[in-house]
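>>> Using only what follows, build the 3D model:
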Amino acid sequence: MEVLRPQIITIDGRNYRKNPIQEKTYQHEEDEEDFYQDSMEGADEPCDAYEVEQTPQGFRSTVSAPSLLYKHIVGKRGDTRKKIEMETKTSITIPKPGQDGEIVITGQHRNGVISARTRIDVLLDTFRRKQPFTHFLAFFLNEVEVQEGFLKFQEEVLAKCSADRGVDSSVFQNPKKLHLTIGMLVLLSEQEIQQTCELLQRCKEEFINDITGGKPLEVEMAGIEYMNDDPGMVDVLYAKVHMKDGSNRLQELVNRVLERFQAAGLIVKEWNSVKLHGTVMNTLFRKDPDAEGRYNLYTPDGKYIFKERESFDGRNILKVSMKKRKLEILGMCPK
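The predicted structure follows:
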């Protein structure tokens, strides 16, 4: 890990370097029991939000989850499920791998069912967060005029700054993929994809049309900025985006969309406001042209990946102006 090029995190609108530490990896197939113990701290707090049905045999609760995550509830040789059942005095029925359905928890005591449900939710949330992102919610900025302006910017940078450390054509965004990212999503089933589409439609009906007046928003891309605090060691360079009429309507729109998706559990809450920007250069593109940022840090089985990246010297690039380009934002397209 490169000490001089740590990950950048944003807190209250300010960027900070995250000092490298040894990441803890979990070998789920071998150390499932240890992982279960670590994850269960504080998991027995009673939760009144759960729907628990009383039956002639006792109590019952169901959990909807993508089949991809079932194995993490079962555990190696079924050890995780057995441990939850033993400690909560419940019975847990899980659909077979590849089959859709619900996890069913039954027990003689309501508190036991709630405790098992809480533990399962903790495990599901933990392992969902470790899945690679599958979709992103974004406005695409690939109008022809914008693409042409971006290509001129790229040509000028390469002509004037190609001798600068780390600057080459591989770190530039594909002009057809220019976009404003609202948030990253982990959608693990067709049901979750459908839920996302329905939520987008409700956003459109409930507030997007009111904010936009039913018309496209005209925005401009003008000027460039860098993500971290050292222009001599840049990983992400982006074009600033703002409304042509000077209003805050676009920011209001994306913030409200983000809030809805966070409330629905489809986007993990890492920030309260979207930083509007169009990435034009990203050092992750050197090895992965489809990289979306510092996101896919885990393999599907939960092992941590460190994406090594080589920064570039952006001091001279910042002197190259990103001319104003007008574009119309026509809608949001989940990829």
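>>> can you pull the pLDDT of the residue nearest to the spatial centre of the chain?
Centrality entry for the chain: nearest residue to the mean C-alpha point is Met184, 2.9 Å, by C-alpha atoms, centre = their mean. Looking at Met184, its pLDDT is 87.
>>> Looks like it contacts Ile267 (just checking).
Yes - with contacts counted by C-beta atoms under 8 Å, Met184 reaches Ile267, the gap being 7.0 Å. To be clear about C-beta, it is placed using only N, CA and C from the backbone, and glycine gets the same treatment.
>>> hey, what's in contact with both of these two?
Leu137 (C-beta atoms under 8 Å, 6 or more residues apart in numbering).
>>> got the end-to-end distance for stretch 225-244?
End-to-end span of stretch 225-244 (C-alpha to C-alpha, to the nearest Å): 19 Å.
>>> I meant to write stretch 261-269 there.
End-to-end for stretch 261-269, by C-alpha to C-alpha: 9 Å.
>>> do the same with stretch 198-207
One end of stretch 198-207 sits 14 Å from the other (C-alpha to C-alpha).
>>> Then stretch 97-113?
Stretch 97-113 stretches 23 Å from its first residue to its last (C-alpha to C-alpha).
>>> Which positions in the lengthiest strand in the chain come out as buried?
Counting by DSSP state E, the longest strand found in the chain is strand 217-226. By neighbour count on 16 or more other C-beta atoms under 10 Å, the buried set for strand 217-226 is 217, 219-222, 224, 226.
>>> what are the pairing partners of that strand, and which direction each?
Sheet pairing of strand 217-226 (DSSP bridges) gives strand 236-243 (antiparallel), strand 325-329 (antiparallel).
>>> State the mean pLDDT of the first one.
For strand 236-243, mean pLDDT rounds to 89.
>>> after it comes which helix or strand?
Toward the C-terminus, strand 236-243 is succeeded by helix 249-263 as the next helix or strand (DSSP states H and E).
>>> Now do that following helix: everything it contacts.
Outside of helix 249-263, the residues within contact range by C-beta under 8 Å, 6+ apart are 137, 180, 182-183, 185, 196, 199-200, 202-203, 207-208, 211-212, 217, 219, 241-243, 267-269, 272-274, 276, 329, 332.
>>> Ok, stretch 80-100 next?
32-33, 36, 67, 70-75, 101-109, 112-113, 115-116, 119-120, 123, 189, 191.
>>> which one is Gly278 nearest to, not counting chain neighbours?
Ala239 (4.4 Å; C-beta to C-beta, 6 or more residues apart in numbering).
>>> give me the number of residues near that neighbour?
Using other C-beta atoms under 10 Å, the number of residues around Ala239 comes to 25.
>>> Go ahead and confirm it touches Glu220.
No - here Ala239 does not reach Glu220: they are 9.6 Å apart, not a contact under C-beta under 8 Å.
>>> circling back: hang on, the residue nearest to the centre of the chain is in a strand, isn't it?
Yes - with DSSP: H, G, I helix; E, B strand; the rest coil as the criterion, Met184 is part of a strand.
>>> Relative to Val268, how far out is the nearest residue to it once chain neighbours are set aside?
What sits nearest to Met184 in space, not counting adjacent residues and going by C-beta to C-beta, 6+ apart, is Phe133, at 4.4 Å. The gap separating Phe133 from Val268 is 10 Å, by C-beta to C-beta, to the nearest Å.
>>> quick one: pLDDT of Gly149?
Per-residue confidence (pLDDT) for Gly149: 87.
>>> In what element of secondary structure is Gly278 found?
Secondary-structure element containing Gly278, defined by DSSP H and E: strand 277-282.
>>> What ranges does the stretch 51-200 of the chain have for its helices?
Along the stretch 51-200 of the chain, the segments classed as helices by DSSP state H, counting those that start in this stretch run 70-74, 79-88, 110-129, 144-161, 190-203.
>>> Out of those, flag the one nearest Tyr50.
If you check each of the helices of the stretch 51-200 of the chain against Tyr50 by C-beta to C-beta, helix 110-129 wins as the nearest, at 5.3 Å.
>>> Okay, buried residues for the closest one please.
Applying a neighbour-count criterion of 16+ other C-beta under 10 Å, one finds 110, 112-120, 122-124, 126-128 buried in helix 110-129.
>>> still on that earlier bit, which one of the buried residues of strand 217-226 is nearest to Asp79?
So of these, ranked by how close each gets to Asp79 (C-beta to C-beta), first place is Tyr226, at 48.0 Å.
>>> wait, what's in contact with that closest one?
Tyr226 neighbours (C-beta under 8 Å, 6+ apart): 234, 236-238, 314, 318.
>>> any idea how far it is from Leu318?
For Tyr226, the distance to Leu318 (C-beta to C-beta) stands at 7 Å.
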